[in-house]
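**Student:** What follows is a predicted structure for the sequence shown.
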Amino acid sequence: MLDAYLFSNLSQVRILIEEWIQDYNYHRLHKTLANLMPFQFKQRAVNSGKKHQKIARRKTSLKFSTIHSLSSIN
């Protein structure tokens, strides 16, 4: 891509690269990411992780409360 342009300074290169990165990450769908944009895929992964953490906390608190109630029986 960069070989199609003539640049007069490094700032022009940096600007073009930043524009390309923004387009690639925020406007293009990616087949390997279930046809999502990378930022969407990341958001789903983060949200999914939070959901799994909540479930794990519930299971842990349930186990603790069960163990605690069994120990109070003796």
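**Tutor:** Done, it's in.
**Student:** what are the ranges of the helices in this protein?
**Tutor:** 10-26, 38-73 (DSSP state H).
**Student:** what's near enough to touch Leu36?
**Tutor:** By CB atoms under 8 Å, 6 or more residues apart in numbering, the residues touching Leu36 are 29-30, 44. C-beta coordinates here come from the backbone N, C-alpha and C atoms, glycine included.
**Student:** List just the nearest of the residues you listed to Trp20.
**Tutor:** Here the nearest of the contacts of Leu36 to Trp20, counting by CB to CB, is His30; it sits at 14.7 Å.
**Student:** residues near that closest one, how many?
**Tutor:** By the measure other CB atoms under 10 Å, the count of residues near His30 is 14.
**Student:** Check the helices of the chain for me: which has the lowest mean pLDDT.
**Tutor:** For these, mean pLDDT drops lowest on helix 38-73, to a mean of 66.
**Student:** so Tyr26 touches Gln40, yeah?
**Tutor:** No. If you go by CB atoms under 8 Å, Tyr26 and Gln40 don't touch, sitting 9.1 Å apart.
**Student:** Please identify which of these two sits among more neighbours.
**Tutor:** Each of Tyr26 and Gln40 has its neighbours counted (other CB under 10 Å); Gln40 has more, 16 against 11.
**Student:** Could you report the separation of the closest residue to that one other than its chain neighbours from Lys50?
**Tutor:** The shortest distance from Gln40 to any non-neighbouring residue, by CB to CB, 6 or more residues apart in numbering, is to Leu33 (7.9 Å). According to CB to CB, to the nearest Å, Leu33 stands 19 Å off from Lys50.
**Student:** Compare the two (neighbour count), which wins?
**Tutor:** Leu33 (14 against 10).
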